[in-house]
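1. dropping a prediction and its sequence here:
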Amino acid sequence: MFNRRVSAWIALAAAGLLISSCAELELASHTAKQVKIPGTSPTKSQGAYKVGKPYEIRGIWYYPKVDYSYIETGIASWYGPGFHGKKTANGEIYDQYDLTAAHRTLPLPSMVRVTNLGNGRSITVRINDRGPFANNRIIDLSRHSAELLGFRVAGTAKVKVEILEEESRQLAALAQRGGTQLARTAQPAGQVSTELTASPVKAAPTVAVTGESLAAPSGTTQVAARPSAPSKSKPVPAARRTITAPTPDGVVTQAPVAASNIFVQAGSFVRVANAERLRAKLSSLGTTQIATAQIGEAQYFRVRLGPLVSVTEADRLLATLHGNGFNEARVVVE
């Protein structure tokens, strides 16, 4: 009897240990799915070049275009878990740990520099998605980008976004070639190669290069060739080099930034009388002012509410204006 009880107890303990081990294994497996090494991608993907036609979201029209002089200040947000592993607007697979972002109008892909106007931190990111479409945000950064800029916990930040023309042109050229890999043949010193070859690859896009004079390898001696009849032997295959596309380097720079304020701009007019009427109409919502701006030969009068103490207050005022038909109202940072 005693032996049977002992055997039963041992069997029960073993079963409990097995269940516990399975539970721990399941928990470890679940945890492993949630934890991801920064910089890695769910799957390799190749995006297409895209500008796109004007489109409407929630009553607001957006006009995508190529603009290599683009600079804008405003509010940035970030997105991640709900979109991780899904396709972006240009067909890539979104990875919240990559240095990427969504923009409403810039070409896909483009490269931009984003500066947090609150702490002076600055990084470069690659635009590969459309958005954001809430509360007039000007850019939606990946989770890792927001971490590097120091606002992941806060959720939003005042930022300046500047397009990087050279890098953006290179990315556009490659994407329009279908993401092919460009390589060139290295020639002996003093000779220039202008031959580019293309071959499909799954790696990062590459860029075309211009021909340049290449120095002789160190430790080699150049000997003048003796006059002779043309050789009929086949030339020795030269080395090939792959030139990779510009990618965000993940380097965070930090510099002092001037103090900035948040406003909600309700409208912009070429006639000051129209601006004055709108200012009087909106005065009950808070401090309202008229700011002038010179664009080319035209002067504009902009009706603004603020300065505001927080992004939350700006969101509230913006929602009120949009709800009353002022669909062109937007948040500005100056």
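-> It's in. Computed from a predicted model, the values in this text were never measured in an experiment. Numbering: from 1, shown residues only.
2. mind listing the strands for the stretch 201-334 of the chain?
-> 240-242, 253-254, 262-269, 288-295, 298-308, 330-333 (DSSP state E, counting those that start in this stretch).
3. need these in CSV (columns: distance to Tyr62 and mean neighbour count).
-> Where C-beta positions appear, they are placed from N, C-alpha and C, glycine not excepted. Conversion of the strands of the stretch 201-334 of the chain to CSV gives the following (distance: least, C-beta to C-beta, whole Å; neighbours: other C-beta atoms under 10 Å):
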stretch, distance to Tyr62, mean neighbour count
strand 240-242, 37, 11
strand 253-254, 30, 12
strand 262-269, 17, 22
strand 288-295, 20, 12
strand 298-308, 20, 19
strand 330-333, 12, 22
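4. nearest to Arg152, of the ones you listed?
-> Arg152 lies closest, by C-beta to C-beta, to one member of the strands of the stretch 201-334 of the chain: strand 253-254, at 16.6 Å.
5. so what touches the closest one?
-> Asn119, Gly120, Arg121, Ser122, Ile123 (C-beta atoms under 8 Å, 6 or more residues apart in numbering).
6. ok, Gln289 - contacts?
-> So Gln289 contacts Arg279, Val303, Arg304, Gly306 (C-beta under 8 Å, 6+ apart).
7. check Ile262 too.
-> Ile75, Lys158, Gly306, Pro307, Leu308, Ser310, Val311, Glu313, Ala314, Val331, Val332, Val333.
8. looking at those, which is nearest Thr115?
-> Lys158 (9.5 Å).
9. got a list of what that closest one touches?
-> Taking C-beta under 8 Å, 6+ apart, one finds Thr73, Gly74, Ile75, Ala76, Asn116, Leu117, Gly118, Ser260, Ile262, Val311, Val333 in contact with Lys158.
10. ok, now how distant is the nearest residue to Ala298 once chain neighbours are set aside from Phe263?
-> Spatial nearest neighbour of Ala298, chain neighbours left out: Val270 (6.2 Å); criterion: C-beta to C-beta, 6 or more residues apart in numbering. When C-beta to C-beta, to the nearest Å is applied, the distance between Val270 and Phe263 equals 20 Å.
11. can you check Ala298 too?
-> From Ala298 over to Phe263 (counting by C-beta to C-beta), the distance is 21 Å.
12. and what of Val159?
-> Val159 is 15 Å from Phe263, by C-beta to C-beta.
13. what do you get for Lys50?
-> Taking C-beta to C-beta, one finds Lys50 at 32 Å from Phe263.
14. hang on, the earlier thing: including mean pLDDT and distance to Asn128, could the strands of the stretch 201-334 of the chain go into a markdown table?
-> Shown next, in a markdown table, are the strands of the stretch 201-334 of the chain (pLDDT from 0 to 100; distance: least, C-beta to C-beta, whole Å):
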| stretch | mean pLDDT | distance to Asn128 |
| --- | --- | --- |
| strand 240-242 | 51 | 22 |
| strand 253-254 | 96 | 22 |
| strand 262-269 | 97 | 28 |
| strand 288-295 | 95 | 30 |
| strand 298-308 | 97 | 31 |
| strand 330-333 | 96 | 24 |
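15. and Val66, which of those strands is closest to it?
-> Comparing those by C-beta to C-beta, strand 288-295 comes nearest, at 19.7 Å.
16. so what strands line up beside the closest one?
-> strand 298-308 (antiparallel) (DSSP bridges).
17. can you list contacts of the strand it pairs with?
-> By C-beta under 8 Å, 6+ apart, strand 298-308 touches 261-272, 274-275, 278-279, 282, 285-294, 314, 317, 332.
18. my guess is Thr124 contacts Glu162. True?
-> No - contact status for Thr124 versus Glu162: not in contact, 9.7 Å apart, counting by C-beta atoms under 8 Å.
19. noted, bye for now.
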